[in-house]
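Colleague: build me a model:
(chains A and B)
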There are 2 protein chains.
Amino acid sequence: MKSILLIGQSNMAGRGFIEDVSPIYNEHINMLRNGRWQMMAEPINFDRHVSGIGPAASFAQAWTADHPGESIGIIPCAEGGSSIDEWAIDGLLTRHAISEAKFAMETSELVGILWHQGESDSYGERYKTYEDKLLSLLKHLREELNAPDIPIIIGELGHYLGEVGFGKSAVEYKQINEILSKVAQTEENCYFVTAKGLTANPDGIHINAMSQRKFGLRYYEAFSKQKHVLDILDMEDEWIEKAPKRELTKKERIFVQSTMFALGQLSFEEFSINISNINESK
Amino acid sequence: MKSILLIGQSNMAGRGFIEDVSPIYNEHINMLRNGRWQMMAEPINFDRHVSGIGPAASFAQAWTADHPGESIGIIPCAEGGSSIDEWAIDGLLTRHAISEAKFAMETSELVGILWHQGESDSYGERYKTYEDKLLSLLKHLREELNAPDIPIIIGELGHYLGEVGFGKSAVEYKQINEILSKVAQTEENCYFVTAKGLTANPDGIHINAMSQRKFGLRYYEAFSKQKHVLDILDMEDEWIEKAPKRELTKKERIFVQSTMFALGQLSFEEFSINISNINESK
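Modeller: Predicted coordinates for the structure are as follows:
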């Protein structure tokens, strides 16, 4: 199995409202829990009790479409509100992410790192020291994970920042975006992903669920083509329209029924009948 | 800060339905996320997307009542469906739990371990080898965590097992309970907690939310008094009746409002007004 490490702050963890998009169930997408793999369900990156939709699920869904029969695992290590200083190479978040990745690498091959961070550094001229700090982190991760050439995908901060709600204080997001772009352009095996057209929750800081689905597709485009993604992808709207129409496998349909039963939405009798029907279907 | 490690299978992680009990908000209760502490909200132990109410929240709530002004942190490492063999000393779950505990111990003093496991070993005469395996795990944890005298609280399996639903296959739960009791009685600093009177979700295997609140109080009684808890506590019903009446602090009220806003249940204007009102209240 291949695996992908998620690091950064809340928009990598995901704060899109779960009820705003159709769920993604896919038996070939896993997430790390207690050092082991479980079939994916959102929220993947449960750094907070309010965690929701991030870019990882649509990234992984796109990956599986390109790799029939293969599986991918998501290693969720993004932390809401974290600044670049909290991702110092000797900091807890970095050491913990490396530890989680190493557990995952016992049973998978790490093939990529997705980074989205910077809102917490978009004020007070923090951009002036951001580049060196990010470069230091990326170098350290490549060394510690023994992955010198691994693709690192860097997502841009939302263009809606600096305006309203919690996003209002992120007045220097353009300066951070310039640095994110510069790092991606100059570092080997680093790719930049635009946030063009992405919109926010009412808080003015968190990418909404639908935009996170699109963002994940862009991250995947950059990852799979090994190129910068500097514009909206033509296929985004079509992908989102088609996504809920994908027919679920038996295992995925059982997963959905098991979820409903575990949450008390079905009696044991209803659950048993539904599972029998799935098992007897062709 | 003090901290408590949760290990075992799904009934330690928690599968009680969240909507069945009043929520516990307490600024002195934290949970480990990405190696750091966050204010607690349930589900604490997010091993699965269907995770819910476990024993940890009422345990911690009772702890804070006895330790005014102090804080406690929960280290969630329980894993649904795991058997005692999966908790072998060189197994992934054990190594991951030790790793998480060590991250927590950078910023807290580990003062207890809560264990609840055995449903996955309640068939096929697995009880015959369970005692040695559990003893080996407890000895290993004490050594690795450099905590030779730390109290370990062992909860009994539900008396409702072996009857219906997913619980039906746990036909040898009484034999496992005998061993859990024996280990707790013979090992130093180990205490046993009865499951008497606890009831299950419709699945016949998972302790329901209200019973988990009671179970947490029993775990705390065993922990705080350093004794076995072999019967229902007189105060359980009264505690549960009184719990929602505890007045929230300003920080806790802000936490509740921030949760609602983050989940899209309030506009930014409503949220801002509510926060102002809280800050201006006495």
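Colleague: mind giving me the domain split of chain A?
Modeller: With domains defined by the TED database, chain A comprises A:2-245, A:247-281.
Colleague: could these be laid out in CSV, adding mean pLDDT and distance to residue B:100?
Modeller: For glycine as for every other residue, the C-beta is placed from the backbone atoms N, C-alpha and C. Converted to CSV, the domains of chain A look like this (pLDDT from 0 to 100; distance: least, C-beta to C-beta, whole Å):
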stretch, mean pLDDT, distance to residue B:100
domain A:2-245, 97, 9
domain A:247-281, 95, 24
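Colleague: tell me which of those sits most buried.
Modeller: domain A:2-245 (a mean of 20; mean count of other C-beta atoms under 10 Å in any protein chain shown).
Colleague: endpoints of that domain, how far apart?
Modeller: One end of domain A:2-245 sits 26 Å from the other (C-alpha to C-alpha, to the nearest Å).
Colleague: does it come close to chain B?
Modeller: Yes - judged by C-beta under 8 Å from any C-beta of the partner chain, domain A:2-245 comes into contact with chain B at A:15, A:17, A:33-36, A:38, A:41-43, A:46-50, A:77, A:79, A:92-93, A:95-97, A:99, A:103, A:106, A:164-165, A:201-204.
Colleague: from the residues you listed, which land in strands?
Modeller: Taking DSSP state E, the ones among those that sit in strands are A:33, A:36, A:38.
Colleague: ok, of those residues, which one's closest to residue A:158?
Modeller: When these are compared for distance to residue A:158 (C-beta to C-beta), residue A:33 wins out at 29.0 Å.
Colleague: contacts only, for the nearest residue in space to that closest one that is not next to it in sequence.
Modeller: Distance criterion C-beta to C-beta, 6 or more residues apart in numbering or on different chains; nearest residue to residue A:33, sequence neighbours excluded, is residue B:47 at 5.1 Å. If you count contacts by C-beta atoms under 8 Å, 6 or more residues apart in numbering or on different chains, residue B:47 has them with A:33, A:34, A:38, B:10, B:13, B:76, B:78, B:79, B:80.
Colleague: do you know how far residue B:47 is from residue A:230?
Modeller: According to C-beta to C-beta, to the nearest Å, residue B:47 and residue A:230 sit 39 Å apart.
Colleague: what does residue A:257 give?
Modeller: 43 Å.
Colleague: now residue A:255
Modeller: 37 Å.
Colleague: can you check residue A:221 too?
Modeller: 11 Å.
Colleague: list the contacts of the residue nearest the centre of chain A.
Modeller: Residue closest to the average C-alpha location in chain A (C-alpha atoms, centre = their mean): residue A:56, at 3.0 Å. Contact analysis of residue A:56 by C-beta under 8 Å, 6+ apart lists A:4, A:6, A:14, A:44, A:45, A:74, A:76, A:114, A:216.
Colleague: give me that answer again for 10 Å
Modeller: Neighbouring residues of residue A:56 by C-beta atoms under 10 Å, 6 or more residues apart in numbering or on different chains: A:4, A:6, A:12-14, A:24, A:29, A:31, A:40, A:42-45, A:72, A:74-76, A:78, A:114, A:212, A:215-216, A:219.
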